[in-house]
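>>> Next comes the sequence, and after it the predicted model I'd like to discuss.
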Amino acid sequence: MILTALLAMSLSVCSQKKESKNMNKVLVAYFSASGVTKDVAQQLAEVTGGTLHEIKPAQPYTDADLDWRDKQSRSSVEMQDKSSRPAITDKLTNMQAYDVIYVGFPIWWYTYPTIINTFMEAYDFKGKTVIPFATSGGSSIKKACEDLKAAYPEVNWKEGKLLNRVSKKDLEKQVNKQ
């Protein structure tokens with residue numbers, strides 16, 4: 001009887017641990033200049049059961065703003081200025097409700113866009129798990145993750161992933177690994 005009771009208790013504890021992991025409230029926050037990152041974020045929110053939130057610039061980016069070949073374009077100027085913090089709209093009022101936050105962005109100049117700094121500095125991430133994800137035409141996410149960890153060392157960062165042309169099935173595998 002004692003053995004049966006111990007076995008039942010251990011199964012109950014394991015079940016509770018699994019349930020508490022699945023009960024984490026997830027936020028999928030993303031900045032998307034062209035729509036590519038938005039598509040991935042929507043799929044990720046669906047796979048995780050998370051809430052989708054766009055990191056929306058107060059002044060939307062135009063095609064001219066995004067011209068990386070023009071050193072005077074808005075994105076070029078912002079990326080050259082490490083103190084740049086583009087204003088955002090639609091600030092979350094319930095960030096404290098989330099346990100896991102996926103932060104998505106396109107790779108600009110081998111790292112994350114400066115608008116992500118605006119987002120990171122707008123909230124308290126203490127006790128939260130933050131997982132970066134990105135899309136890119138040819139760059140890796142490695143430098144962006146290193147830069148985020150250096151800029152916000154107090155954040156509990158998990159491994160970031162580049163999610164170009166990713167299927168829903170691949171996303172499910174990624175999420176289940178974490």
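Thanks, I have it.
>>> residues in contact with stretch 28-45?
Residues outside stretch 28-45 that contact it (CB atoms under 8 Å, 6 or more residues apart in numbering) are 26, 48, 50-57, 61, 66, 75, 92, 101-106, 113, 115-116, 119, 133-135, 163, 166, 168, 171, 175. (Each C-beta comes from the backbone N, C-alpha and C, glycine too.)
>>> Quick one: distance of that stretch to the chain centre.
Relative to its chain's centre, stretch 28-45 lies at 9 Å (CA atoms, centre = their mean, to the nearest Å).
>>> related to what we said a few turns ago, just the buried subset of the contacts of stretch 28-45, please.
26, 48, 50-55, 57, 61, 66, 75, 92, 101-106, 113, 115-116, 119, 133-135, 163, 166, 171, 175 (16 or more other CB atoms under 10 Å).
>>> Identify the residue nearest the geometric centre of the chain.
Geometric centre of the chain, nearest residue: residue 103, 1.4 Å, by CA atoms, centre = their mean.
>>> Give me the phi and psi for that one.
Backbone geometry at residue 103, expressed as degrees, to the nearest 10, gives phi -120, psi 120.
>>> from what I can see it touches residue 130, true?
Yes. In this structure, residue 103 is within contact of residue 130 by CB atoms under 8 Å, at 6.0 Å.
>>> returning to what we had before: which ones among the buried ones among the contacts of stretch 28-45 are found in helices?
48, 75, 115, 116, 119, 171, 175 (DSSP state H).
>>> Between those, which sits nearest residue 150?
Residue 150 lies nearest to residue 116 out of these, by CB to CB, at 13.3 Å.
>>> Which pLDDT value belongs to residue 42?
For residue 42, the model assigns a pLDDT of 96.
>>> pLDDT and distance to residue 157 added to the ones in helices among the buried ones among the contacts of stretch 28-45, as CSV?
Formatted as CSV, those follow (pLDDT from 0 to 100; distance: CB to CB, whole Å):
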residue, pLDDT, distance to residue 157
48, 95, 17
75, 94, 24
115, 97, 18
116, 98, 13
119, 98, 14
171, 89, 19
175, 85, 16
